[in-house]
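Asker: Kindly return the folded structure for what I paste below:
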Amino acid sequence: DCSHVGGNSVTLTVTDNNGNVSTCNATVTVKDEISPTIVCPANVTVNNDMGECSAIVNYTVTANDNCSFSTNQTTGIASNLPHPVGVTTNTWLATDASGNTATCSF
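Answerer: A predicted model of the protein is given here:
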């Protein structure tokens with residue numbers, strides 16, 4: 001649960017055996033220092049499509065994190081699009097709401 005990431009105001013109360021009470025306010029800061037995980041497929045080798053100098057390549061990249069996150073392709077060609085003959089490196093980046101990141105390439 002990442003709903004408490006950031007500064008949280010709390011009131012601390014102490015009561016002794018005689019019933020005397022004292023309170024103070026404090027801020028508890030919760031940090032998310034857990035990076036997302038991201039998994040790319042293994043390297044892919046395919047033959048070009050008949051009569052084309054490319055091949056449609058389908059792949060799946062999966063990511064996960066303890067808080068909200070996004071994934072973005074930073075290099076290469078998206079899944080289900082023609083990849084030209086030769087080597088194409090596909091790189092993906094996962095970033096969570098606290099700025100922690102993880103990358104993978106294939």
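Asker: contact partners of stretch 34-54?
Answerer: The contact list for stretch 34-54, computed with Cβ atoms under 8 Å, 6 or more residues apart in numbering, reads 55-57, 59-67, 69, 71, 82-85, 90, 92-96, 100-106. For glycine as for every other residue, the C-beta is placed from the backbone atoms N, C-alpha and C.
Asker: and Pro41, how many residues sit next to it?
Answerer: When neighbours are counted by other Cβ atoms under 10 Å, Pro41 registers 15.
Asker: any idea how far Cys2 is from it?
Answerer: In this view, Pro41 and Cys2 are 28 Å apart by Cβ to Cβ, to the nearest Å.
Asker: now swap in Asn58 and tell me
Answerer: Here the distance between Asn58 and Cys2 works out to 32 Å (Cβ to Cβ).
Asker: Of those two, which one has the most company?
Answerer: With other Cβ under 10 Å as the criterion, Asn58 and Cys2 differ in neighbour count, and Cys2 comes out ahead with 15 against 10.
Asker: That one touches Phe69, doesn't it?
Answerer: No: no contact is recorded between Cys2 and Phe69 when judged using Cβ atoms under 8 Å, the distance being 10.2 Å.
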